[in-house]
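*Asks:* Generate a structure from the sequence data that follows.
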Amino acid sequence: MLTIALIAIIIAFLGVGVHGYLHGVMAPPFDPQKMTLNYERIGNGPKKMVLLHGLTGSLKYWKTGLEELPDSDSYSLLLIDLLGFGDSPKPNSKYDLEEHLGAIEKVIKKEGFDTGGAMVVGHSLGAILTIGLVGEHPDWFQSLAVIGLPNYSGKEAIKTKFGKASLWDGVSVDSRYKFVCFFHPLYMTEWFRPKNIPKDVFKDAGKHTWVSYYRTLDKVIIDTDLTKLASRIKDKKILLIHGENDAAAPIENAEALIPIFTNAKFERLPDADHHVYLADSAKVWALIDEFEKVNQKI
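*Replies:* The predicted structure follows:
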């Protein structure tokens, strides 16, 4: 009986892996005309703000702390599930910077956030996309805020950093281990949920495919030349918020970009990690609100 039970478990395990693999590779290619990102618009105030989440995240990442946004009635917020994540389409596609930005731009135009004066806020992967988006459309945005900006000089740099932290962190950033992602339905359960991640946010973190995860990781987070990308918006008003204990995006790497900008403010948050927004959304919103008020006076 024990042997039969063991065989059944192995078969079930392999079945989950095969399903995960096929779910990624058998998805249709990305069709920008027919596929639109999932998003939610909140509020009808005159201040327009676009919010972009990080890798494996969703728009629910931001909703956990929206009640802390000062003077929230004055805002129109556009919360977007990035391509391949949350409830957005998950095609078998490139997931490079151009493709991600094109999908975001479509939603922004549809909701009229492209008329100038808006602010865009991004966390982690969303921070890179935020810089890229403003670089492509500087006339759409008055300012931007980036939280936990990951800045690495290629695959070896990121693998070396994460490899020293833990085996799991190393696996999560090395495409050679993408097979682990085939089985994420098995470990994206309540037992494995980190204490600092709310249940609904953690649940949405399992909605990606291995294709959307690893191609986005490789093409956007690892391969993007952030120095070059940042140079395109060097004169824009930018707020950088970073936890001093951020293991996923070391603070010194983000600080290295500061000399590029002519109108930047860098906020170091002691004892904060990569998910500073989830830990203290009130603090993050207060910094963004103060930044905006000061720049409006200039």
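*Asks:* what's the straight distance from one end of stretch 143-151 to the other?
*Replies:* One end of stretch 143-151 sits 20 Å from the other (CA to CA, to the nearest Å).
*Asks:* For residue 49, pull up the helix or strand it's in.
*Replies:* Assigned by DSSP states H and E, residue 49 belongs to strand 47-52.
*Asks:* what's the answer for residue 282, then?
*Replies:* Applying DSSP H and E, one finds residue 282 within helix 281-297.
*Asks:* Next: residue 145.
*Replies:* Using DSSP H and E, residue 145 falls within strand 141-147.
*Asks:* Give me the residue at the spatial middle of this structure.
*Replies:* Per CA atoms, centre = their mean, the C-alpha nearest to the average position across the chain is that of residue 54, at 1.5 Å.
*Asks:* Is it in a helix, a strand, or coil?
*Replies:* Counting by DSSP: H, G, I helix; E, B strand; the rest coil, the backbone at residue 54 sits in coil.
*Asks:* ok, it - contacts?
*Replies:* By CB atoms under 8 Å, 6 or more residues apart in numbering, the residues touching residue 54 are 61, 122, 123, 124, 125, 126, 127, 148. To be clear about C-beta, it is placed using only N, CA and C from the backbone, and glycine gets the same treatment.
*Asks:* Report the separation between the last one and residue 251.
*Replies:* The span separating residue 148 from residue 251 equals 9 Å under the rule CB to CB, to the nearest Å.
*Asks:* And the two? Which one has more around it.
*Replies:* Neighbours around residue 148 and residue 251, counted as other CB atoms under 10 Å, are more numerous at residue 148. The numbers are 26 against 20.
*Asks:* pLDDT wise, what is the more buried one at?
*Replies:* Per-residue pLDDT puts residue 148 at 94.
*Asks:* Residue 142: what's it in contact with?
*Replies:* Residue 142 neighbours (CB under 8 Å, 6+ apart): 116, 117, 118, 119, 237, 295.
*Asks:* Identify the residue nearest the first one in space, chain neighbours excluded?
*Replies:* By the measure of CB to CB, 6 or more residues apart in numbering, the closest residue to residue 116 outside its immediate chain neighbours is residue 139, 5.9 Å from it.
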